[in-house]
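> after the sequence you'll find the predicted model.
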Amino acid sequence: VNPPVTYPSSGDDTTFVFTTGGNYSVTLEASNSCGLSTFTQGIVAKELQANFTYVPNPTCEKMPILFTATASIIPSPPVLDPNVVQWDWDFGDPLSGANNTASVTEDTITHFFEGTAPFTVQLIAWGDCGPDTFTQILALNPAVIVNAGNDTSVCEGTNVFLQATVDSVTYPVVYSWTGT
């Protein structure tokens, strides 16, 4: 087997277990009083590879996030259907309670983060040549918090100067003032 692993066997059949995907070769030697014969067989051990994307990206705190899970079997070609039967999610967000984890058969799910970033989001795909786990750290941009000061009283016809201040913000910030 390549990489070198010794599987001692002396019968006319044997079993191999490849714990990682890749290209392997197994060599069989058979001999009797008339000589030696060698046969080498190539084996491609396939493995499931899970992944996910999310939108919006980048995203902000206090916004729902749509996650889309994907899986493929590698190496390819040939391209094989991974036949994923279940997606297990852990959003790394214990403050979201029961919504922190989910086991679903659909490849999309929406999560609303309740805690403070960063979040370690983990996906486990259950399918052919699997399961496989994919983990990604999600940092959310802080939501804008705006303030223009205390309520005030003025005489009619007098100009009022208002100044916005923002906290926990990712720039740029777009301001829009309206009055009634």
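That came in fine, so what should we check first?
> rest of the way, CA atoms for contacts and neighbours
Will do.
> so what does the lowest-mean-pLDDT helix or strand in the chain touch, helix or strand wise?
Here the helix or strand of the chain ranked lowest by mean pLDDT, DSSP states H and E is strand 165-167, holding a mean of 83. For strand 165-167, the elements it packs on are strand 145-147, judged by 3 or more Cα pairs under 8 Å, 6 or more residues apart in numbering; DSSP states H and E.
> so which elements touch the strand it packs on?
Checking 3+ Cα pairs under 8 Å, 6+ apart, strand 145-147 ends up next to strand 165-167.
> what comes into contact with the strand it packs on?
For strand 165-167, contacts defined as Cα atoms under 8 Å, 6 or more residues apart in numbering pick out 144-148.
> which of those residues has the most neighbours?
Val144 (15 neighbours; other Cα atoms under 10 Å).
> hang on, the earlier thing: including distance to Pro172, could the contacts of strand 165-167 go into a markdown table?
Below are those laid out as a markdown table (distance: Cα to Cα, whole Å):
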| residue | distance to Pro172 |
| --- | --- |
| Val144 | 10 |
| Ile145 | 13 |
| Val146 | 13 |
| Asn147 | 16 |
| Ala148 | 18 |
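> pLDDT and distance to Gln136 added to these, as a markdown table?
Shown next, in a markdown table, are those (pLDDT from 0 to 100; distance: Cα to Cα, whole Å):
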| residue | pLDDT | distance to Gln136 |
| --- | --- | --- |
| Val144 | 79 | 25 |
| Ile145 | 82 | 27 |
| Val146 | 87 | 31 |
| Asn147 | 88 | 34 |
| Ala148 | 88 | 38 |
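> how about the CA coordinates for stretch 150-166, as CSV?
The C-alpha coordinates for stretch 150-166 follow below in CSV (Å, rounded to 0.1, in the frame of the first residue of the first chain):
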residue,chain,number,x,y,z
ASN,A,150,-31.5,64.5,24.2
ASP,A,151,-34.9,66.0,23.2
THR,A,152,-34.8,69.7,23.2
SER,A,153,-37.1,72.8,23.1
VAL,A,154,-36.5,75.8,20.9
CYS,A,155,-38.4,78.9,19.9
GLU,A,156,-40.0,78.8,16.5
GLY,A,157,-37.9,80.1,13.7
THR,A,158,-34.7,79.2,15.5
ASN,A,159,-32.1,76.9,13.9
VAL,A,160,-31.4,73.7,15.8
PHE,A,161,-28.0,72.0,15.3
LEU,A,162,-28.1,68.2,15.7
GLN,A,163,-25.0,66.0,15.6
ALA,A,164,-25.2,62.3,15.2
THR,A,165,-22.8,60.0,17.1
VAL,A,166,-22.4,56.3,16.3
